[in-house]
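[1] Structure for the following, please:
(one chain, ligands or ions: 1)
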Amino acid sequence: MIILVVNAGSSSLKYQLLNMDDESMIAKGNCDRIGIGGHISHKTADGRKFEADCEFPTHTEAFEKLVEVLTTGDASVIKSMNEIDAVGHRIVQGAEVFSKTVLVTDEVIDKIDELRELAPVHNHAHALALRACKNVLPANVPQAVVFDTAFHQTMPPKAYMFGLPYEDYEQYHVRKYGFHGTSHRFVSAALAKAMNRPLEELKIVSCHLGNGSSITAVENGKSVDTTMGFTPLDGVLMGTRCGAVDPSAITFVMEKHGFTPSEMSEYMNKKSGFLGVSGVSSDNRDVNDAAVAGNKRAQLAATMLTYQIKKYIGGFAAAMNGLDAVLFTGGIGENSWEVRGGACKDMDFLGIKIDDELNRKTRGTLTKLSLPDSKVEVWVVPTNEELLIARDTLALINQNK
Ligand code: ADP
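    Residues are numbered from 1 along each chain as shown. Just a heads-up that it's a prediction; the model follows:
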């Protein structure tokens, strides 16, 4: 069973081809600069590579190119698209409409497109990619859509409502949705397996820390609260996103700078976070290097992040009335011992004690960092959203056979 996983952004189309017999990656790549030029980079599991500048006026041309690269030339891995059994798409916003993975129909695509108001950068691009995929693929190849928000649809209203007039929830669907759901679902299940305990009995705080970061309280396998909100801007400080800020500071800054709403959005999404506070970079490694070299603002940004993570771990432990495990994933969570160490420092009151030496050594591998006498287990759990999307797609196809 071969499944193609597609992750379409506004100007990019990432893909991965997986052999689901052993869940191995066959090939992966990225078409980017869609609409402003075009470029494809592609590599196979056995080390073959293809790279080229192209013309990608829309997602359709990008999709046609990836079909060509997968099926012809030196880095091809299949003879024709007929060898692909199904396609799974990552979709950012499913709102309250989609609480699980579904098969793609014309109505599903239209609905995803309609939700674009809630995810302007992503949902329209997803709809374009879905339509492109439908045009290019043989008609009998099923497609599934997996939503970033779906895992969080189990949150109770007390967690997802804002203290704004209720009418705006009813009319405009203003509420917390949460994101990175595919990752939180994948890593929490992988953690339960590693702990050799049923997921349905565990209280987990899942910290997905990357360019975008979110922390989720996973109780008995379900998301009960999460840090990202109406959009992926809320919660902890990120690469270029500000995270939680007093809303009055936003209107104040808008007035001071004379910003329009979209300029303010750019300021909060692209100019804030690590970049805005440190003035050095949006990248955790650069900020960390600058902090070690004595840069005060970089030191501030780094400690702001670990302090905020600590507060959410404590808050979510209180929300769940207990905590069995904390897990770290994402580019920062899997690789940065400094961030993990900072977030777990002085947390022994909560039953968290980690092996500092093991923490320093651990990069990107499933590892238990907590000491034997730590009441709460602490783990690094590598995420693999593409694999979960492929698994979901496969399960849905088998159900509908
Ligand atoms: P995205 O949210 O775009 O998927 P990633 O999950 O790839 O991002 O995370 C990117 C972040 O991970 C960057 O801030 C980067 O500095 C950080 N990172 C990656 N590798 C390391 C490493 N070895 N040490 C510290 N930080 C790392």
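[2] Can you tell me which residues in this structure are near the ligand?
    Where the chain comes near the ligand, counting by C-beta under 6 Å from any ligand atom, the residues are Gly210, Asn211, Gly212, Gly239, Asp283, Asn284, Arg285, Gly330, Gly331, Ile332, Asn335, Ser336. The way it works is simple: take the backbone N, C-alpha and C, and place the C-beta from them, glycine included.
[3] now the strands for the stretch 201-350 of the chain?
    Per DSSP state E, counting those that start in this stretch, the stretch 201-350 of the chain carries strands over the ranges 203-209, 213-219, 222-226, 325-329.
[4] need those strands in a markdown table with mean neighbour count, can you?
    As requested, the strands of the stretch 201-350 of the chain are arranged in a markdown table below (neighbours: other C-beta atoms under 10 Å):
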| stretch | mean neighbour count |
| --- | --- |
| strand 203-209 | 27 |
| strand 213-219 | 28 |
| strand 222-226 | 22 |
| strand 325-329 | 28 |
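[5] Could you export these to CSV, including columns for mean pLDDT?
    CSV is the format used below for these (pLDDT from 0 to 100):
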stretch, mean pLDDT
strand 203-209, 98
strand 213-219, 98
strand 222-226, 98
strand 325-329, 98
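[6] who wins for proximity to Gln308 among the ones you listed?
    Counting by C-beta to C-beta, Gln308 lies closest to strand 213-219 out of those; the figure is 8.9 Å.
[7] So what touches the closest one?
    151-152, 178-180, 184, 188, 202-208, 223-228, 232, 235-238, 243, 309, 312-313, 316, 319-320, 330, 332 (C-beta atoms under 8 Å, 6 or more residues apart in numbering).
[8] so how far is Arg340 from Ser278?
    19 Å (C-beta to C-beta, to the nearest Å).
[9] Could you do Thr303 as well?
    14 Å.
[10] again, but for Cys31
    On the measure of C-beta to C-beta, Cys31 and Arg340 end up 34 Å apart.
[11] Quick one: list the elements packing against the helix or strand that contains His89.
    For His89, the host element (DSSP states H and E) is strand 86-91. Secondary-structure packing of strand 86-91 (3 or more C-beta pairs under 8 Å, 6 or more residues apart in numbering; DSSP states H and E): strand 2-8, helix 123-136, strand 143-147, helix 385-399.
[12] quick one: contacts for Ser206?
    His184, Val187, Ser188, Leu191, Ile215, Thr216, Val218, Leu327, Thr329.
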